[in-house]
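J.: Compute the structure for the input listed below.
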Amino acid sequence: MVLSIMGYIGSFTIVANDGKANANSNGPLIWLGVEIALSLLRMLIWSLNPLFDEHTDLTFKLELEASNPLPTCNKFSEELEANGVIPLARSHEFLGQITSFVGLLEPFESVGDGVALYYTMSALRETTTKQQRVLYITIYEYTENISRSFTLVYLPSSNEATTCYNSRIEVQDSSDNVKSDSEDNVGRLCARLRGKVSMASNHITNNKPFIKKLDEHCASIFRKLNKRATDPTRHTEIKRTWALTEPRKEPETKGESDSPPSVDELAYLRVGELERSKRNFCSRRRSWMDARIAFLKKQTRRDSGTPERAAEKYLMLYEWQFLEWMLVYENRELEIILLSSSKTMILRL
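T.: Now for the predicted structure:
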């Protein structure tokens, strides 16, 4: 800026003074040459991008979502691993929800085009100290000849994966025999756990640089979620240089390793437990009622020879009708509990 001002003042001074002394002066040419030289000097300084000019970065201030993203499914971690079925969320869907709440995350680069990541967020039901989030990352490798997947379990208190499962990605349908007899994940992409394996059992999880980047990526998710929970501000800043490149980063403080779930997350998971217990209870009640109604139908077809037998038949008919009404009532009760379990999600859409 100083050079520009000096150039303009000097150029006009030369032109003015030279014009008074000589009508046929070279003032305009001198002025043009000085301006060209100053322009080239400014372009050279801009291209060098000196350090003293770095404080003039571009800053984008973005507003974040007020509500934190809910877990991927309404099941605690213990139930997911007991059932052996992990519902999956694609990376762009999961990271999009997390980023809109916490801001930019640490970028993660895969090892190649034949590897995809799927995410599942849940929480521990029972812990010795306090509840923590649990992040499952399913690594899916697909090539022309083979396809295989592995599911890693991450906790905020650990800097690396605590468990590695050999898994199989599939679309769960109504004919799938799930231990919990639940239907809340029907038609959803899931990972079926086959058993625990060692991290050194395959070349993907044994790839130290890849797993290190994945560990840092997961730690960044836990750290940003915990930071947002303790920070009431709903804004994030994205800084870029004038060339729209990332400025030099300062080392980020790790802070606390805990990442407890929010009140909404715990409520969502516990309502899911209530839903499944009610579903299983209604299922057992319906099975008993169906068997009892079939027995009553068989008994009422028999001939009522005595008055006592006729009275017993009328009682069976009454019980038959009552059980059929109870079936309708149980179905209605199940609908109510299902609606209440999805109320939190509906209100936040």
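J.: how about the strands of the stretch 1-150 of the chain, start to end?
T.: Taking DSSP state E, counting those that start in this stretch as the test, the strands found in the stretch 1-150 of the chain are 58-63, 85-87, 89-90, 115-123, 133-142, 147-154.
J.: any idea how far Arg240 lies from Leu58?
T.: Relative to Leu58, Arg240 is positioned 5 Å away (criterion: CB to CB, to the nearest Å). C-beta here means a position set from N, CA and C on the backbone, and glycine is covered the same way.
J.: Pretty sure Lys196 sits against Cys164.
T.: Yes: Lys196 lies in contact with Cys164 (CB atoms under 8 Å); the separation is 6.7 Å.
J.: And these two? Which one has more around it.
T.: Between Lys196 and Cys164, counted using other CB atoms under 10 Å, the more crowded position is Cys164 (20 against 11).
J.: didn't that one look like it was pressed against Ser198?
T.: Yes: the criterion here is CB under 8 Å, and Cys164 meets it with Ser198 at 7.0 Å.
J.: Surely Gln131 is in contact with Pro156?
T.: No: Gln131 is beyond contact range of Pro156, at 10.5 Å (criterion: CB under 8 Å).
J.: and the two? which has more neighbours close in?
T.: Pro156 (21 against 18).
J.: What helix or strand is that one located in?
T.: Assessed by DSSP states H and E, Pro156 sits outside every helix and strand.
J.: List the buried residues in the host helix or strand of Phe210.
T.: Taking DSSP H and E as the criterion, Phe210 maps to helix 208-230. Burial within helix 208-230, assessed by neighbour count using 16 or more other CB atoms under 10 Å, is assigned to 210-211, 213-215, 217-226, 228.
J.: Helix or strand next in line after it, which one?
T.: Counting by DSSP H and E, the element that comes right after helix 208-230 along the chain is strand 235-240.
J.: Name whatever forms a beta bridge with the nearest residue to Thr72 once chain neighbours are set aside.
T.: Distance criterion CB to CB, 6 or more residues apart in numbering; nearest residue to Thr72, sequence neighbours excluded, is Thr120 at 4.6 Å. Thr120 has the following beta-bridge partners by DSSP bridges: Tyr136.
J.: Contacts only, for Thr120.
T.: By CB atoms under 8 Å, 6 or more residues apart in numbering, Thr120 lies in contact with 72-73, 80, 86-89, 135-138, 191.
J.: Give me the neighbour count for Asp290.
T.: 12.
J.: now the angle between strand 115-123 and the helix or strand harbouring it, please.
T.: Per DSSP H and E, Asp290 falls inside helix 263-300. Between helix 263-300 and strand 115-123, the angle comes out at 80 degrees (axes from the mean of the first three to the mean of the last three CA atoms, to 10 degrees).
J.: buried set for helix 263-300?
T.: By neighbour count with 16+ other CB under 10 Å, helix 263-300 contains the buried residues 265-266, 268-269, 271-272, 275-276, 278-279, 282, 285, 289, 293, 296.
J.: Greatest separation within the residues you listed: which pair is it?
T.: By the measure CB to CB, Glu265 and Leu296 form the most distant pair in these, at 46.6 Å.
J.: where does the stretch 101-250 of the chain have low pLDDT?
T.: 110-113, 127-130, 173-187, 242-243, 247-250 (pLDDT under 70).
J.: What is the neighbour count of Asn145?
T.: Neighbour tally, Asn145, other CB under 10 Å: 5.
J.: Also the one 10 residues further on?
T.: Here the number of neighbours of Leu155 (other CB under 10 Å) works out to 22.
J.: What of Arg194?
T.: 14.
J.: what's the closest non-adjacent residue to it?
T.: Distance criterion CB to CB, 6+ apart; nearest residue to Arg194, sequence neighbours excluded, is Asn166 at 4.5 Å.
J.: who are the neighbours in contact with that neighbour?
T.: The neighbours of Asn166, taking CB under 8 Å, 6+ apart as the test, are 148, 150, 193-197, 201.
J.: Let me know whether my guess that it is in a helix holds.
T.: No: secondary structure assignment (DSSP: H, G, I helix; E, B strand; the rest coil) places Asn166 in strand, not in a helix.
J.: Pick the one among the buried residues of helix 208-230 closest to Arg332.
T.: Proximity of these to Arg332 was ranked by CB to CB; the top entry is Leu225 with 38.7 Å.
J.: from the contacts of Asn166, which single one is nearest Leu62?
T.: Phe150 (34.8 Å).
J.: residues in contact with the closest residue to the closest one other than its chain neighbours?
T.: Among residues not flanking Phe150 along the chain, Ile139 sits closest, at 5.1 Å (CB to CB, 6+ apart). Ile139 makes contact with 115-117, 149-152, 204-205, according to CB under 8 Å, 6+ apart.
J.: Give the buried residues for stretch 62-70.
T.: Result for stretch 62-70 [16+ other CB under 10 Å]: buried residues 68-70.
J.: Kindly report the same for stretch 32-44.
T.: Neighbour-count burial for stretch 32-44 flags 34, 38 (criterion: 16+ other CB under 10 Å).
J.: Only the C-alpha atoms, please, for it, written as CSV.
T.: Presented in CSV, the C-alpha positions along stretch 32-44 are these (Å, rounded to 0.1, in the frame of the first residue of the first chain):
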residue,chain,number,x,y,z
LEU,A,32,3.7,4.8,-17.6
GLY,A,33,7.0,3.1,-17.0
VAL,A,34,7.0,3.7,-13.3
GLU,A,35,3.4,2.4,-13.0
ILE,A,36,4.4,-0.8,-14.8
ALA,A,37,7.4,-1.3,-12.5
LEU,A,38,5.3,-0.8,-9.4
SER,A,39,2.6,-3.2,-10.7
LEU,A,40,5.3,-5.8,-11.3
LEU,A,41,6.7,-5.2,-7.8
ARG,A,42,3.3,-5.7,-6.2
MET,A,43,2.7,-8.9,-8.1
LEU,A,44,6.0,-10.2,-7.0
